[in-house]
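Peer 1: Return atomic coordinates for the entry below.
(2 chains)
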Protein chains: 2
Amino acid sequence: MAQTVRIALDAMGGDHGPEVVVPGAALALERHPDARFLIYGDEAVVRPVLERHPALLPVTELRHADVSIRMDEKPSQALRIGRNKSSMWLAIQAVRDDEADICVSAGNTGALMAMSMFCLKTLPEIDRPAIAAIWPTIRGESVVLDVGATIGADASHYVNLAVMGAAMARIVFDIEKPTVGLLNVGREEIKGIEAVKEAGRILREANLAGLDYRGFVEGDDLGKGTVDVVVTEGFTGNIALKTAEGTAKQIGEYLRAAMSRTWTAKLGYLLAKTAFDALRAKMDPSRANGGIFLGLDGLVIKSHGGADALGLASAIDIAYDMAHYDFMRTIRDMLDQIPAEASA
Amino acid sequence: MAQTVRIALDAMGGDHGPEVVVPGAALALERHPDARFLIYGDEAVVRPVLERHPALLPVTELRHADVSIRMDEKPSQALRIGRNKSSMWLAIQAVRDDEADICVSAGNTGALMAMSMFCLKTLPEIDRPAIAAIWPTIRGESVVLDVGATIGADASHYVNLAVMGAAMARIVFDIEKPTVGLLNVGREEIKGIEAVKEAGRILREANLAGLDYRGFVEGDDLGKGTVDVVVTEGFTGNIALKTAEGTAKQIGEYLRAAMSRTWTAKLGYLLAKTAFDALRAKMDPSRANGGIFLGLDGLVIKSHGGADALGLASAIDIAYDMAHYDFMRTIRDMLDQIPAEASA
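Peer 2: Residues are numbered from 1 along each chain as shown, chains lettered A, B, ... in the order given. Predicted structure coming up:
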């Protein structure tokens, strides 16, 4: 596939707006020279930043947008003031109108999801979209979904999540048949929520070609990387994600306090500084940055609002891969394989 | 209160049985010289271990039990084979018969909960019991409940959990009016599960004397220690707990790998070893050991199955405090304060 990948960027999203989005695009361009950018935002603000990155100029089109969506805007409010004219909406619309292959925004999640649903709609098989996270594990990385798009799920939604997550793992991790687990409170088949048990039965019996269903997994399997794809509904998934982030921060605090307590510890810290820097990088959420919106009729990626240029470039990396390897085709093919019974 | 605290121990529970339970009791006795023990188990196995701890002998009564409940026994099976004759059952029964103030077992959670419900029953106000965990935070410790007793909750169950958790924080942390938060996917009042929102409304309006309701908290607030008591239902709570444990292990692995990569890092590790040991102790689940069963008409504490003697002693410490400061009276008083509307 020699085709270029066209990426629509909402320059006004995130805590730092174009000051992070534009340098992020410049970094991503170094890694993917065939990327092309459509950048939406307040031209008076974005143009000067863009001109500091001459490599971007020949591959970027800057389009002015009158409205920027604030990070604390309510989704309904964002839709009212931003539809058809905000940088966020226009970046999504570029995907709908096939001017771009994927949209990336660091703007507020609720607004981005509401606008994406409104503008792109969901795929015919999917009632409710999901947000997938790439979760760092001891073995590498896993896809975890849903981390907060919708609350609650019935069995058929869990099955859809499993299929969408497997499609994503296939593209992003380049695994032919990703292993999939349903997040539960025990491994035994009799345990847990009724809908999860029913979804497990369907997945086991359907024996889908594109995924290898491994049964239930528990909270500690997330960090272990027991399976490539961990499936849960948005309430539990969001709480698990934030709990893990909070625990990582907490241990970072402990570590900092412990290493500054005595002079031998301080000296030890200096000697091991490279190791600590590597550890910090591994724990840094901006490395595994990007919530991927799944189930929509088009590709949208949410980058962390507080991400720096490196974090934004990571989100663009994922966006690039998903477009380059035609994720939309993979997910459509895999959704077609779900037996009718499962979507009853 | 000069009264002794009478603790019933299931010596056969846990991965190591009496080899951990008896030394754990000996450690706890050093800290609480007025503790008295009723130890249940296979006399032929427990007696020799007990005799290695002469300090325990004058304050301990060993009672023989024919049956030991295996760690993988199903709750229904455990009840069938162990009722009235297993060390686990007899230790719980000692609480029911007022021979002991509290029961501690490192045996399997499902069996212990099933037997506790069957033998002790729940308090009149409580339909479903809960398991509370003591969660290490940046600021100290919090009570988190329910971490896995029952799945799902309606608004009145959330309110009961809040009250029971506050009663526990009051005793264990010695805080007159603990702060309480409901675990949710956002701080705004419009977000999340209906029952959680309704519980929030009730708690805000009821303005109970024994707790300070602070609204919704998120997953990362657990590690921060934003509130003294975090309330959630058993499915989400269990997954959050195991996710945090898994993340801590994962970072431990990263750290070990990072510190052994170069010789300077290894040297740094040696110099900072004391600091690392302190950190490891802080991350060690056996320190904050013990799932506390709440809502039963009697006190039962579940110690971690894999805990060592130090871990078991920690669980006994909590047991001692809860009995010594009359937790059952506190929880009854606080449950009486819930307005009738809330338990509708």
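Peer 1: so where is the stretch 51-200 of chain A shaky, pLDDT-wise?
Peer 2: Low-confidence segments of the stretch 51-200 of chain A (pLDDT under 70): none present.
Peer 1: quick one: contacts for the residue nearest the centre of chain A?
Peer 2: By Cα atoms, centre = their mean, chain A has its centre lying nearest to residue A:291, at 2.0 Å. Counting by Cβ atoms under 8 Å, 6 or more residues apart in numbering or on different chains, residue A:291 touches A:109, A:131, A:132, A:133, A:147, A:148, A:301, A:302. All C-beta atoms are positioned from the backbone trio N, CA, C, and that covers glycine.
Peer 1: need the helices for chain A, in chain order.
Peer 2: For chain A, the helices defined by DSSP state H cover A:18-31, A:43-51, A:75-82, A:87-96, A:109-120, A:155-172, A:194-206, A:219-224, A:234-259, A:263-271, A:273-283, A:309-324, A:327-336.
Peer 1: Of those, which is nearest residue B:167?
Peer 2: Residue B:167 lies closest to helix A:234-259 among these, at 24.0 Å (Cβ to Cβ).
Peer 1: Pick out the residue in the stretch 1-150 of chain A sitting closest to chain B.
Peer 2: Of all residues in the stretch 1-150 of chain A, the one sitting closest to chain B is residue A:138 (5.2 Å; Cβ to the nearest Cβ).
Peer 1: Just list the residues touching that residue, thanks.
Peer 2: By Cβ under 8 Å, 6+ apart, residue A:138 lies in contact with A:223, A:224, A:225, B:249, B:250, B:253, B:254.
Peer 1: can you check residue A:18 too?
Peer 2: Counting by Cβ under 8 Å, 6+ apart, residue A:18 touches A:11, A:12, A:41, A:45, A:46, A:49, A:50.
Peer 1: Correct me if wrong: the third one contacts residue A:67.
Peer 2: No - assessed by Cβ atoms under 8 Å, residue A:41 is found out of contact with residue A:67, at 10.2 Å.
Peer 1: Show me the domain layout of chain A.
Peer 2: Using automatic domain parsing, the domain parsing of chain A gives A:1-125+A:296-321, A:127-294.
Peer 1: what about those, which gets the closest to residue B:92?
Peer 2: Using Cβ to Cβ, the nearest of these to residue B:92 is domain A:127-294, at 22.3 Å.
Peer 1: ok so, going back, what do residue A:41 and residue A:67 both touch?
Peer 2: residue A:87.
Peer 1: if you count what's nearby, which of these two comes out ahead?
Peer 2: Between residue A:41 and residue A:67, counting by other Cβ atoms under 10 Å in any protein chain shown, residue A:41 is the more crowded of the two (29 against 18).
Peer 1: Now that one. Nearest residue, chain neighbours left out?
Peer 2: Residue nearest to residue A:41 in three dimensions, not counting chain neighbours: residue A:11, with 3.2 Å by Cβ to Cβ, 6 or more residues apart in numbering or on different chains.
Peer 1: rewinding a little: ok, which of the helices of chain A comes nearest residue B:176?
Peer 2: With Cβ to Cβ, the closest approach to residue B:176 among the helices of chain A belongs to helix A:234-259: 26.2 Å.
Peer 1: what comes up buried for that closest one?
Peer 2: Across helix A:234-259, burial judged by 16 or more other Cβ atoms under 10 Å in any protein chain shown covers A:234-251, A:254-255, A:258-259.
Peer 1: What of stretch A:148-158?
Peer 2: By 16+ other Cβ under 10 Å, the buried positions in stretch A:148-158 come out as A:148, A:149, A:150, A:151, A:153, A:155, A:156, A:157, A:158.
Peer 1: Distance check, the fourth one against residue B:215.
Peer 2: What it means is residue A:151. Residue A:151 is 18 Å from residue B:215, where distance means Cβ to Cβ, to the nearest Å.
Peer 1: Same check on the fifth one?
Peer 2: When Cβ to Cβ is applied, the distance between residue A:153 and residue B:215 equals 26 Å.
Peer 1: do the same with residue A:115
Peer 2: To residue B:215, residue A:115 is 28 Å away according to Cβ to Cβ.
Peer 1: who's more crowded, the two?
Peer 2: The neighbour comparison of residue A:115 against residue B:215 (other Cβ under 10 Å) goes to residue A:115, with 28 against 15.
Peer 1: Enumerate every residue touching the more buried one.
Peer 2: Each residue near residue A:115 by Cβ under 8 Å, 6+ apart is listed here: A:78, A:79, A:82, A:83, A:86, A:88, A:89, A:92.
Peer 1: Counting neighbours, what do you get for the first one?
Peer 2: Using other Cβ under 10 Å, residue A:78 has 23 neighbouring residues.
Peer 1: and the nearest residue to it once chain neighbours are set aside, how many neighbours does it have?
Peer 2: Excluding the flanking residues, the one nearest residue A:78 by Cβ to Cβ, 6+ apart is residue A:111, at 3.5 Å. By other Cβ under 10 Å, 27 other residues sit near residue A:111.
Peer 1: residue contacts, residue A:111?
Peer 2: Residues counted as contacts of residue A:111 (Cβ under 8 Å, 6+ apart) are A:69, A:73, A:74, A:75, A:78, A:79, A:82, A:88.
Peer 1: about what we covered before: of the contacts of residue A:115, which is the most crowded?
Peer 2: With neighbours taken as other Cβ under 10 Å, the top of the contacts of residue A:115 is residue A:88, carrying 33 neighbours.
Peer 1: Roughly how far does it sit from residue A:223?
Peer 2: Using Cβ to Cβ, residue A:88 is found at 33 Å from residue A:223.
Peer 1: what's the answer for residue A:120, then?
Peer 2: Look at residue A:120 and residue A:223: by Cβ to Cβ, they are 33 Å apart.
Peer 1: can you tell me the residue of the stretch 51-200 of chain A closest to chain B?
Peer 2: Closest point on the stretch 51-200 of chain A to chain B, by Cβ to the nearest Cβ, is residue A:185, at 4.5 Å.
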